[in-house]
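S.K.: got a predicted structure here, sequence first:
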Amino acid sequence: TNDFADIYNELARSETIVRTWAHRYHKSSYHQQYVTQRLQAVRHQHPNVRPAPKQSFFRQIQLLCDRYSQLLLRDRVNLAISLLTAPIGIILIMLAVQNRNAFILDSATNIHAAPTALRVLFIFTCAGLWVGLSSSLQEIVKEAAIYRRERLINLNITAYLGSKLGVLTLLTIAQTLLIMTMISLGFKGAAGMIFPWSLGLIITTFLTLFTSVNLGLMISALVKNVSQANSALPLLLIPQIIFSGVLFKSEGIGRLLSWLTLSRWSIGAYGALTDINGLIPEFNPMQNMPQAFSPSKVYDPTFANVLLNWLMLMLHAGIYLVITWQLQKQKDCV
């Protein structure tokens with residue numbers, strides 16, 4: 001190969017490929033020169049020699065981050081898709097809505113302001129979930145064979161997951177900046193918001209993406225092959241859509257289930273930041289028309305509510321990461 005990362009691409013193809021290369025190396029002069037002869041010399045000179053100490057945690061995570069980033073950068077098509085999917089979706093929303101003031105109540109007669117704004121924010125959440133999950137669903141399972149072999153030579157689980165999360169976090173930051181750029185071009189923020197418009201959207205978008213990445217890593221550690229990982233994507237997204245509280249009102253058991261979804265907390269933060277409740281015009285009995293949208297505590301425009309939604313997203317991310325670590329640890333017993 002001409003590049004170090006190509007070795008891992010070759011080994012990831014199948015277990016048969018691995019065995020073939022192992023057999024070829026064992027029969028080659030390289031194995032005789034660099035393994036057999038060296039071991040014989042060491043044993044002759046130092047009969048009680050001890051094995052070399054394993055690499056430190058920081059050295060491992062440095063090597064793993066370097067390897068993973070090279071693999072990511074070399075797959076330019078998938079990288080471009082990962083970066084551009086959400087911005088393209090936002091451009092399509094801009095074409096569909098054609099209203100840069102979708103988050104601003106222009107007049108008391110605009111009864112559709114709140115529902116329209118909420119639908120736009122819902123697309124922001126769905127785009128974040130889709131991109132975050134797509135970026136991470138295959139990242140552990142596709143390296144299962146390589147991971148098992150490297151664990152035999154003292155690969156640290158925390159370093160392994162840390163390298164995945166570190167590189168994916170940088171990717172998430174790039175995705176967030178691109179998404180925020182398109183949102184800023186397409187929509188204005190209302191004056192007097194509880195939090196600066198751009199900063200609030202950046203934090204919410206990043207946390208939505210970051211938590212989705214952690215969920216994707218957990219599923220990637222759980223499934224047995226890449227096909228199962230791909231099949232899991234719609235199964236993960238459907239509950240997020242149903243229990244977000246946008247399409248259907250969450251009550252009873254549905255409300256409890258909504259707390260387990262990322263979409264509930266993501267749309268809650270978006271809605272509070274843009275003051276969805278404030279976009280509802282006052283009821284005018286002279287118009288003889290019911291309100292198209294009812295105020296909800298989920299979208300209370302308070303800093304405490306926004307912070308609660310952010311903290312819940314971070315809590316979800318932490319739980320997913322701990323479960324992922326445990327799933328990887330259990331593989332040592334298989």
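M.R.: The structure has been received and is ready for your questions.
S.K.: ramachandran angles for Asn156?
M.R.: Dihedral pair for Asn156: phi -80, psi 130, per degrees, to the nearest 10.
S.K.: how many residues are close by it?
M.R.: Neighbour count for Asn156, taken as other Cβ atoms under 10 Å: 19. (Each C-beta comes from the backbone N, C-alpha and C, glycine too.)
S.K.: so how far is Phe4 from it?
M.R.: 20 Å (Cβ to Cβ, to the nearest Å).
S.K.: what are the buried residues along the host helix or strand of Ala114?
M.R.: According to DSSP states H and E, Ala114 maps onto helix 113-136. Buried positions in helix 113-136, judged by neighbour count with 16 or more other Cβ atoms under 10 Å: 113-114, 116-136.
S.K.: which residue ranges of the stretch 201-334 of the chain form helices?
M.R.: Along the stretch 201-334 of the chain, the stretches classed as helices by DSSP state H, counting those that start in this stretch are 226-242, 253-258, 262-274, 303-330.
S.K.: the first one to helix 262-274, inter-axis angle?
M.R.: Right, the one you point to is helix 226-242. Orientation of helix 226-242 against helix 262-274 (axes from the mean of the first three to the mean of the last three Cα atoms, to 10 degrees) gives an angle of 40 degrees.
S.K.: would you put the C-alpha positions of helix 226-242 in PDB?
M.R.: Output in PDB follows, covering the C-alpha atoms of helix 226-242 (Å, rounded to 0.1, in the frame of the first residue of the first chain):
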ATOM      1  CA  VAL A 226     -22.900  -3.100   9.000                       C
ATOM      2  CA  SER A 227     -26.200  -4.300   7.500                       C
ATOM      3  CA  GLN A 228     -27.800  -4.400  10.900                       C
ATOM      4  CA  ALA A 229     -26.500  -0.900  11.600                       C
ATOM      5  CA  ASN A 230     -28.000   0.500   8.400                       C
ATOM      6  CA  SER A 231     -31.300  -1.200   9.100                       C
ATOM      7  CA  ALA A 232     -31.400   0.400  12.600                       C
ATOM      8  CA  LEU A 233     -31.500   4.000  11.200                       C
ATOM      9  CA  PRO A 234     -35.200   4.100  10.400                       C
ATOM     10  CA  LEU A 235     -36.000   2.300  13.700                       C
ATOM     11  CA  LEU A 236     -34.200   5.000  15.600                       C
ATOM     12  CA  LEU A 237     -35.700   7.900  13.700                       C
ATOM     13  CA  ILE A 238     -39.400   6.800  13.800                       C
ATOM     14  CA  PRO A 239     -39.800   7.100  17.600                       C
ATOM     15  CA  GLN A 240     -37.900  10.400  17.500                       C
ATOM     16  CA  ILE A 241     -40.500  11.800  15.000                       C
ATOM     17  CA  ILE A 242     -43.600  10.300  16.800                       C
END
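S.K.: list the buried residues for it?
M.R.: By neighbour count on 16+ other Cβ under 10 Å, the buried set for helix 226-242 is Ala229, Ala232, Leu233, Leu236, Leu237, Gln240, Ile241, Ile242.
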